[in-house]
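Asker: Provided below for reference: sequence and predicted model.
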There are 2 protein chains.
Amino acid sequence: MRTIEMNNGVVKLIDQRKLPRQLEIVECRDYRAVARAIKEMTIRGAPAIGAAAAFGLALAARESKAATRDELLRDLDAAAQALRATRPTAVNLAWALDRVMRQARTTDLDTHGLRDFVVAEAQRIADEDVEINRAMARHGAALINDGDTILHHCNTGPLATVDIGTALGCIIEAHRQGKRVHVLVDETRPRLQGARLTAWELMQYGVPMTLIADNAAGYYMRTGRAQKCFVGSDRVAANGDVANKIGTYKVAVVARENGIPFYAVMPTSTIDMNLANGDLIPIEERDAREVTHIEGVPIAPAGVRVGNPAFDVTPHKYVTALVTERGVVRPPFVENLRVILKQ
Amino acid sequence: MRTIEMNNGVVKLIDQRKLPRQLEIVECRDYRAVARAIKEMTIRGAPAIGAAAAFGLALAARESKAATRDELLRDLDAAAQALRATRPTAVNLAWALDRVMRQARTTDLDTHGLRDFVVAEAQRIADEDVEINRAMARHGAALINDGDTILHHCNTGPLATVDIGTALGCIIEAHRQGKRVHVLVDETRPRLQGARLTAWELMQYGVPMTLIADNAAGYYMRTGRAQKCFVGSDRVAANGDVANKIGTYKVAVVARENGIPFYAVMPTSTIDMNLANGDLIPIEERDAREVTHIEGVPIAPAGVRVGNPAFDVTPHKYVTALVTERGVVRPPFVENLRVILKQ
């Protein structure tokens, strides 16, 4: 199945907090359940939560008791607001909500027709995500050479999207094309998406890999054992600055220091041309327990003060290229992003 | 109490694997128990395991049934070999064993006298470590300004030594002198010495601190929230290259990129002038379970392949200065280390 699907008024999604121990499906029957799933990271990954937000609106449309088109739009607005508040950094979430709401407003459908339209539009967003990821995977795979070892941070595989994946999708595609690749999987503290999800996905696809503590990435890069870095992105600014999972910035700096190309892979919907640079991107601060506890087990003294930023910004000077569904974008990013976004 | 002590033929040490949940003392009654404690990291920290190794020899001297001086030296050699094999990267361990064995060989004491000598020499190594750390703390504290936030990696506090500490000793001393300091504590995966030990120690001393995932260190450095980096070292080469806990290299590269001074603190016994550069330092590969399990709980798919280097090498170009008990050593390190080691 896909990471997220909607059938007969039920949104089903893979519970990513249970992996790799068990593959469990969560069923959401109203938009609040979807918002909770996004907030609690039952589903995560920028493109996946974009689709989830759209399906959340679809559920809101179905559950609304509105008698008029205006009432329905008001109910949808309320749902969009609740869904938007779940994860402040991810631009895909806002992008998906804005797309559905904008189109809903511009149609002249009646209440019933509008309900169906919102459901269909959410489905289109999910289907398009799969197509977009296929295109990204092809563009990214072309950057990977036979024999490459690739450092990967966080999770950007099928689970981070509706299907296929972004950065990991490129690697899996290169493997599918018969290139011999090996992946160094950053475990990605604090939430361990690399250890829990990326390692699990690569094992499913039979891609050779080695799981490492994030701290070890520099050692492997400096000793010549990584030829590329591939990461995803939660938000890209107009100048090519990349907001991504905390720790990405360290990877990028050490990669450049060692002459290792650093690629960030994302759909063009992740690129926010209204943001001049990455320092304008709000950084979500998450619960201290993500740092102090692992699987409910305390690993730090009780009452310790914690800093837990979920993302960091990698300035564009460390980024070799951005890989999108429309092709590979190289510096100067401001100009080249404008060109590719106009296509 | 100190991290490690010997009284009446029993070596007592704080069980660092139980912290911060409980403060438990382990008693070792023969050198094999000490070797096991070093290997299993019941005791860790370069200076602490140097003292532990010396106390191990002291126990070996006491337990030996040798009737002659030569037989006793043979028994001590066997014990030294077992102790030496426990941790290949730490130079203090070899240094302490070599010091005791060399001096034991050069005395003309009889069997009984030699036994007492080895016990007394181990005690001298422990006492000297405390004095050395007091001196390092004074030199290092002078580098810290009122109001500094200091990024710290791994554990280098009293627990890493017989007492006082190396890098953390400097920070605690600056705090004791009345300087307002704040410590960003890298949790230090995979063994979480920062979360478990450093955070606990700083809370004991009342030093303001924030615990962070290692991945977040770059974010804090880039956003201007760290003014210094302080780390310890397990081995320093003649050119100033620093082997230290895995992840130190990433910290150092990102620190330099952001113009943040990077200080490594170690006793001169950690400096190995026989090694031309850090790439000659053997890097210990530790058990995969350190990465795949936390407190016995699996956090990665069963059967996953793991890379777990315990240390990395930070080339000297990233090191602002080495802080030793004899003073602060700045580049050019080859020349300045020779000068300070001759004093």
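Answerer: Perfect, thanks for sending it.
Asker: CA atoms for contacts and neighbours, from now on please.
Answerer: Fine.
Asker: And chain A, what are its domain boundaries?
Answerer: Each structural domain of chain A that the record assigns through automatic domain parsing is listed here as a residue range: A:4-134, A:138-341.
Asker: what is the rounded mean pLDDT of stretch A:88-104?
Answerer: Confidence over stretch A:88-104 (mean pLDDT, whole number) is 91.
Asker: That stretch vs chain B: in contact?
Answerer: No. Stretch A:88-104 stays clear of chain B (CA under 8 Å from any CA of the partner chain), getting no nearer than 15.0 Å.
Asker: Run the chain-centre distance for that stretch.
Answerer: Per CA atoms, centre = their mean, to the nearest Å, the displacement of stretch A:88-104 from the mean C-alpha position of its chain is 14 Å.
Asker: by contact count, what packs against the longest helix along chain A?
Answerer: Ranked by number of residues, the top helix in chain A under DSSP state H is helix A:111-141. Helices and strands in packing contact with helix A:111-141 are listed as helix A:46-63, helix A:69-84, helix A:91-106, helix A:167-176, strand A:321-324, strand A:327-329; criterion 3 or more CA pairs under 8 Å, 6 or more residues apart in numbering or on different chains; DSSP states H and E.
Asker: Residues of the stretch 151-300 of chain A that sit close to chain B?
Answerer: Checking the stretch 151-300 of chain A against chain B by CA under 8 Å from any CA, the hits are A:188-190, A:192, A:195-196, A:199-200, A:203, A:209-219, A:246-250, A:253-254, A:257, A:291-292, A:294-295, A:297, A:299-300.
Asker: Repeat the analysis, applying 7 Å as the threshold.
Answerer: With CA under 7 Å from any CA of the partner chain as the criterion, the stretch 151-300 of chain A meets chain B at residues A:189-190, A:195-196, A:199-200, A:209-213, A:215-216, A:218-219, A:246-247, A:249-250, A:253-254, A:291, A:299-300.
Asker: just checking, which of these belong to strands?
Answerer: Cross-referencing these with the strands (criterion: DSSP state E) gives A:209-212 as the overlap.
Asker: can you redo these as a markdown table with neighbour count, pLDDT and distance to residue B:147?
Answerer: Rendered in a markdown table, the data for these read as follows (neighbours: other CA atoms under 10 Å in any protein chain shown; pLDDT from 0 to 100; distance: CA to CA, whole Å):
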| residue | neighbour count | pLDDT | distance to residue B:147 |
| --- | --- | --- | --- |
| A:209 | 22 | 98 | 44 |
| A:210 | 19 | 98 | 42 |
| A:211 | 25 | 98 | 39 |
| A:212 | 27 | 98 | 35 |
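Asker: Nearest to residue A:37 among those?
Answerer: Residue A:37 lies nearest to residue A:211 out of those, by CA to CA, at 27.1 Å.
Asker: Let me know whether that closest one touches residue B:305 as I believe.
Answerer: Yes. The pair residue A:211 / residue B:305 is scored as a contact, 6.1 Å apart, by CA atoms under 7 Å.
Asker: what about the helix or strand following the longest helix of chain A, average pLDDT?
Answerer: On the C-terminal side of helix A:111-141, the closest following helix or strand by DSSP states H and E is strand A:149-152. Looking at strand A:149-152 alone, the average pLDDT works out to 98.
Asker: residues making contact with stretch A:197-215?
Answerer: Stretch A:197-215 is contacted by residues A:19-20, A:155, A:157, A:175, A:181-188, A:195, B:189-190, B:246-247, B:291, B:301, B:305-308 when judged by CA atoms under 7 Å, 6 or more residues apart in numbering or on different chains.
Asker: swap that for stretch A:309-323, sorry
Answerer: So stretch A:309-323 is in contact with A:136, A:139-140, A:239-249, A:252-253, A:256, A:261-266, A:278, A:283-286, A:328-330, B:216, B:219, going by CA under 7 Å, 6+ apart.
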